[in-house]
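Trainee: Predicted model follows, preceded by the sequence.
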Amino acid sequence: FFGDFIIVELSKKNQQLQAAVEQEKIKTKQHSNRVRELQREVLYSAHFLYILTTVVDVAEHLTPARTQLRILRLEAHTVKSLQEKLAAANLKVAEYRNQVQSCKQELKVAQKVLATELGEDVNLQQLSRCPGSFRIRSQQILALQQRVGESSDSSRVGTHGNQSRLI
């Protein structure tokens, strides 16, 4: 029954890890979408800055130099801010990728442990759908162990009986 407990616990851990991997995949996708959105904002800001610079060049004769400089500084600040946001989002995406990779490795280890406990040919998905099959398998193992014990006991008795007859 201890083997059953270990198998059930490992199966639960396996399912939890699979759920964690799926959650991390979803987070990674969301962050990737956010990165794309920030990249678009940077492109729009750069385009806007280009247009603004062009407008400033055209309006140079109409506005004083200080006003032009203020506008350019504001836009440069906006672009810089968006670039910082993009860099932060890229770091988060990399972090989530690492977490997903770590979860995948933990999942592989758990699957290997389950394979060693249950045997190579056991389908884990099928076992997880039929929780009673663990008990059945455990009962079969215990019955076989008892038969082996009885068989070894009877062979010992037979061997000792033959030795006493010889003496």
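Mentor: That came through, no problem. Residues are numbered from 1 along each chain as shown.
Trainee: residue closest to the middle of the chain?
Mentor: Centroid-nearest residue in the chain, with CA atoms, centre = their mean: V21, separated by 2.9 Å.
Trainee: my read: it touches K104, true?
Mentor: Yes - counting by CB atoms under 8 Å, V21 does reach K104; the two are 6.1 Å apart. Yep, even glycine has a C-beta here, placed from its N, CA and C like the rest.
Trainee: In three-state terms, label the closest residue in space to Q83 that isn't next to it in sequence for me.
Mentor: In this structure, Q83 finds its nearest non-sequential neighbour in V42, 6.2 Å apart by CB to CB, 6 or more residues apart in numbering. Look at V42: counting by DSSP: H, G, I helix; E, B strand; the rest coil, its state is helix.
Trainee: V42 and R129, how far apart?
Mentor: Distance from V42 to R129, counting by CB to CB, to the nearest Å: 48 Å.
Trainee: need the helices for the chain, in chain order.
Mentor: Applying DSSP state H to the chain gives helices spanning 2-58, 65-118, 124-129, 132-166.
Trainee: Make CSV out of the ones you listed and add mean pLDDT.
Mentor: Below are these laid out as CSV (pLDDT from 0 to 100):
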stretch, mean pLDDT
helix 2-58, 89
helix 65-118, 81
helix 124-129, 69
helix 132-166, 71
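Trainee: Need the nearest residue in space to A89, chain neighbours excluded.
Mentor: That would be V35: by CB to CB, 6+ apart, it lies 4.6 Å from A89.
Trainee: Number of residues surrounding that neighbour?
Mentor: V35 has 18 neighbours, counted by other CB atoms under 10 Å.
Trainee: which residues touch V21?
Mentor: V100, C103, K104, L107 (CB atoms under 8 Å, 6 or more residues apart in numbering).
Trainee: Just the buried residues of these.
Mentor: V100, C103, L107 (16 or more other CB atoms under 10 Å).
Trainee: The second one is in contact with Q16, isn't it?
Mentor: No - in this structure, C103 sits apart from Q16 without contact. The criterion is CB under 8 Å, and the distance is 9.9 Å.
Trainee: Check the offset of stretch 4-14 from the chain's centre.
Mentor: Centroid separation for stretch 4-14 versus its chain: 18 Å, with CA atoms, centre = their mean, to the nearest Å.
Trainee: related to what we said a few turns ago, from S152, how far off is the residue nearest to Q83?
Mentor: 76 Å.
Trainee: So between V42 and R129, which is more surrounded?
Mentor: With neighbours defined as other CB under 10 Å, V42 and R129 compare such that V42 has more, 17 against 9.
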